[in-house]
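[1] below are the sequence and a predicted model for it; my questions follow.
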Amino acid sequence: MSAHATILELRERLAAGIIGQEEVINNLLIALLANGHVLLEGLPGLAKTRTIKMLAANLESEFSRIQFTPDLLPSDITGTEIYIAEAVENKFQFQPGPIFGNLVLADEINRAPAKAQAALLEAMEERQVTVAGHSHVLPELFLVLATQNPIEQEGTYPLPEAQMDRFLLHVTVDYASDEDEHRILRLVRGEEAGSADSRPAQIPAQAVLDARREVLAVEVSDAVERYMVALIAATRRPAEYNDAPFADWIQVGASPRGTLALDRAARAHAWLDGRNAVTPDDVKAIVPCCLSHRLILTYEAEAEGITPMQVLSSILQHVAVA
């Protein structure tokens, strides 16, 4: 079976267990193919954690879960050096933490203070962890999947801009439709009755690595590259579009990571659709998830209730394809 067919099978498995969240599943697979991290944001009970656990259950991988709490320490995430009294040499040996898994669920990431959140920074960007002056390389298949609740502010610590920028995608999880809610009832009822005990074999991790190499080979034309750069430039210099509503809405635009995120995610989007070249529609499809968490809006925009999604929608309307 080809890498493309294998990833499509993984998508079908996830869709069978996560009802009404097809867009969330697609974005999760895009991040997996683009080798980037995901921040899932949504109200409690919308299957954020279930989606991640379903991915881990169907993909050959080591799954780690970190429950972020106010008393979480950096060493609880990265691991620490422990003293081995019986050892003749190297009495201090490194004990890896849960960050060394393949799929790492950072559950309710905004419930831990900045010191604990910062323990993820090096791992997410450089794919390594430094403890006691020694660097430890993380697995080749490494994905941080973080969740947070958008309405609960008491006892939470907002993620700093530098950390938000390290997430490839910011995915919003919304309510399912009434029809999908009906299907969810039947699905959970069947699982509780034990009808879902037999599961197919896991998708090999090598299939994901093979798919990533194919995604890197997806072509991006000069015109599409210029379009991506123009979208990023519009977030940095909105005043140049003085006739557009978003001209007064943006205080800080997207960083170069935003440009790279657009490129990687657009290629993954095109590959999932079975194409070997990126189109402007691929770019438009992933702009909201790639850039919504990279913008800082002006006080006036926030006072008017303007959201990053509205800003990006306005930018897509006013920035022409090259």
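    Sure, I can see it.

[2] can you pull out the helices in the stretch 51-200 of the chain?
    Per DSSP state H, counting those that start in this stretch, the stretch 51-200 of the chain carries helices over the ranges 74-78, 114-117, 121-126, 161-164, 178-192.

[3] quick one: closest of these to L105.
    Ranking the helices of the stretch 51-200 of the chain by their distance to L105 (criterion: Cβ to Cβ) puts helix 74-78 first, at 12.0 Å. Backbone N, C-alpha and C define where each C-beta goes, glycine included.

[4] can I get the closest one in PDB, CA atoms only?
    As requested, the backbone C-alpha atoms of helix 74-78 are provided in PDB (Å, rounded to 0.1, in the frame of the first residue of the first chain):
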ATOM      1  CA  PRO A  74      10.000  21.600  34.100                       C
ATOM      2  CA  SER A  75      11.700  18.300  35.200                       C
ATOM      3  CA  ASP A  76       8.300  16.600  35.200                       C
ATOM      4  CA  ILE A  77       8.200  17.200  31.400                       C
ATOM      5  CA  THR A  78      11.800  16.900  30.300                       C
END
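
[5] who does that helix touch, helix- and strand-wise?
    The elements that helix 74-78 packs onto, with contact taken as 3 or more Cβ pairs under 8 Å, 6 or more residues apart in numbering; DSSP states H and E, are helix 114-117, strand 128-131.

[6] what's next to it, contact-wise?
    Under the contact criterion Cβ atoms under 8 Å, 6 or more residues apart in numbering, helix 74-78 has outside partners I66, G97, P98, I99, K115, A116, A118, A119, L120, A123, V129, V131.

[7] residue contacts, the fourth one?
    To tie it back to what came earlier, the one meant is I99. S64, I66, I77, T78, G79, A119, L120, A123, V129, L138.

[8] and the gap between it and R65?
    Applying Cβ to Cβ, to the nearest Å, the value for I99 to R65 is 11 Å.

[9] surely M309 forms part of a strand?
    No. Counting by DSSP: H, G, I helix; E, B strand; the rest coil, M309 is not found in a strand; it is helix.
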